[in-house]
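Trainee: here is my input, please return the structure:
(one chain, ligands or ions: 1)
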Amino acid sequence: MERPLIIALDFSERIKVNQFLSSFESETLYVKVGMELFYKEGPSIIDDLKEKGHKIFLDLKLHDIPNTVKKAMHGLAKLDVDLVNVHAAGGRSMMESAIEGLESGTIAGKVRPACIAVTQLTSTTQEMVKDELLINEELRDVVLHYGKTAFESGLDGVVCSSHEVRLIQQQISSDFITVTPGIRIKGDAANDQVRIATPELARELGSTAIVVGRSITGADDPYETYKMVKKMWEGITS
Ligand SMILES: O=C(O)c1cc(=O)[nH]c(=O)n1[C@@H]1O[C@H](COP(=O)(O)O)[C@@H](O)[C@H]1O
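Mentor: Here you go, the predicted model:
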C-alpha cells in the first residue's frame with residue numbers, strides 16, 4: 001500500500017458527496033465510504049466513486065458470527081473495493097472467515113480487497129477499556145494483542161491510533177498495514193475522538209495511511225484544506 005491520505009466521506013446522501021467532490025476537479029482520491037453513506041445509498045455509491053477513478057475503503061466494520069461475516073465478505077468482494085474492515089473483537093475464527101469470504105468472492109482477474117481489523121476505536125479511552133469492556137490490561141497491550149490475532153488470522157493490517165503504530169510495526173511486522181483515523185489539524189476540535197494525532201505526527205510515528213474526515217469535510221474550503229493536510233502528511237514544508 002502506498003501511503004495514502006484517505007478522506008472519510010461521512011455524508012448522509014449522494015448529493016452531498018457530489019457537492020463535496022465537485023471542488024476537487026479531476027483529482028483522483030482515496031476515499032472512505034462508511035455506514036452513514038452506504039446504508040443510505042447502497043452499493044451504487046461505490047460504482048459512482050469507482051467510475052470517477054477513486055480508490056475506496058469500504059468501512060463497514062463487520063462483527064458477527066464467522067459464517068455471517070464470511071458470506072457478507074463474499075458479497076462485498078464483488079464490489080471490487082480496495083480495502084474493507086472487521087472488528088478484531090470478533091475473534092480469530094471470524095477474521096479467518098472474513099478472508100475466506102473475500103477470497104471466494106473476488107472477481108476473476110481482480111485483486112482481493114485488503115482487509116484490516118479495528119483494534120480499539122480511536123474514541124476509546126483507557127478508562128473505557130477497564131470500566132466498560134472489563135479488560136484489565138493497558139489499552140496499548142490490548143491493541144497489540146488484537147493486532148497479533150489479526151496478523152495470525154491472515155489479515156493485512158489494523159486500524160489503530162497513530163500512537164500504537166510503532167508498537168505494532170516493531171512487535172508484529174513492519175509490513176503490517178496501520179490505518180490511523182483520529183487525525184486533527186492543530187486547533188481543530190477533537191469531537192468524539194480521543195487518541196488523536198496531527199498529520200505530521202502520524203507521519204513521524206509511521207502510519208501507513210491516515211483517515212481524515214471532519215477536518216476536511218467540515219472546512220470552509222475543503223479542497224485547499226485537503227491539499228494542506230496532504231502536504232503535512234507527506235512532509236512537504238514549502
Ligand atoms: O474504521 C475506521 O475508519 C475508524 C476506526 C476508528 O477507530 N476510528 C475512526 O474514527 N474511524 C473512522 O474514521 C473517520 C474519522 O472521522 P473524523 O473524526 O471526522 O476525522 C470516521 O469515518 C470513523 O468512522
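Trainee: quick one: contacts for whatever residue of the chain ends up closest to the ligand?
Mentor: Nearest residue of the chain to the ligand, counting by CB to the nearest ligand atom: Gly213, 2.5 Å away. Every residue, glycine included, has its C-beta placed from N, CA and C. Counting by CB atoms under 8 Å, 6 or more residues apart in numbering, Gly213 touches Ile7, Ala8, Asp10, Lys32, Pro181.
Trainee: now swap in Ser93 and tell me
Mentor: Pro66.
Trainee: what helices or strands is the longest strand seen in the chain leaning on?
Mentor: Counting residues, the longest strand found in the chain (DSSP state E) is strand 55-62. Identification of packing neighbours for strand 55-62 by 3 or more CB pairs under 8 Å, 6 or more residues apart in numbering; DSSP states H and E yields strand 30-33, helix 35-41, helix 44-51, helix 66-77, strand 83-87.
Trainee: quick one: which of the ones you listed is nearest Glu204?
Mentor: Of all the helices and strands packed on strand 55-62, it is strand 30-33 that lies closest to Glu204, at 20.6 Å by CB to CB.
Trainee: okay, buried residues for that closest one please.
Mentor: Tyr30, Val31, Lys32, Val33 (16 or more other CB atoms under 10 Å).
Trainee: what of stretch 119-129?
Mentor: Across stretch 119-129, burial judged by 16+ other CB under 10 Å covers Thr119, Gln120, Leu121, Thr122, Ser123, Thr124, Val129.
Trainee: am I right that the fourth one is in a helix?
Mentor: To tie it back to what came earlier, the one meant is Thr122. No - under DSSP: H, G, I helix; E, B strand; the rest coil, Thr122 sits outside any helix and is assigned coil.
Trainee: wait, isn't it in contact with Asn191?
Mentor: No - assessed by CB atoms under 8 Å, Thr122 is found out of contact with Asn191, at 10.9 Å.
Trainee: what is the neighbour count of Ile65?
Mentor: By other CB atoms under 10 Å, 12 other residues sit near Ile65.
Trainee: just to check, Gln171 is in contact with Leu144?
Mentor: Yes - counting by CB under 8 Å, Gln171 touches Leu144, with 5.9 Å between them.
Trainee: more crowded one of these two?
Mentor: Taking other CB under 10 Å, Gln171 and Leu144 do not tie; Leu144 has more neighbours (21 against 13).
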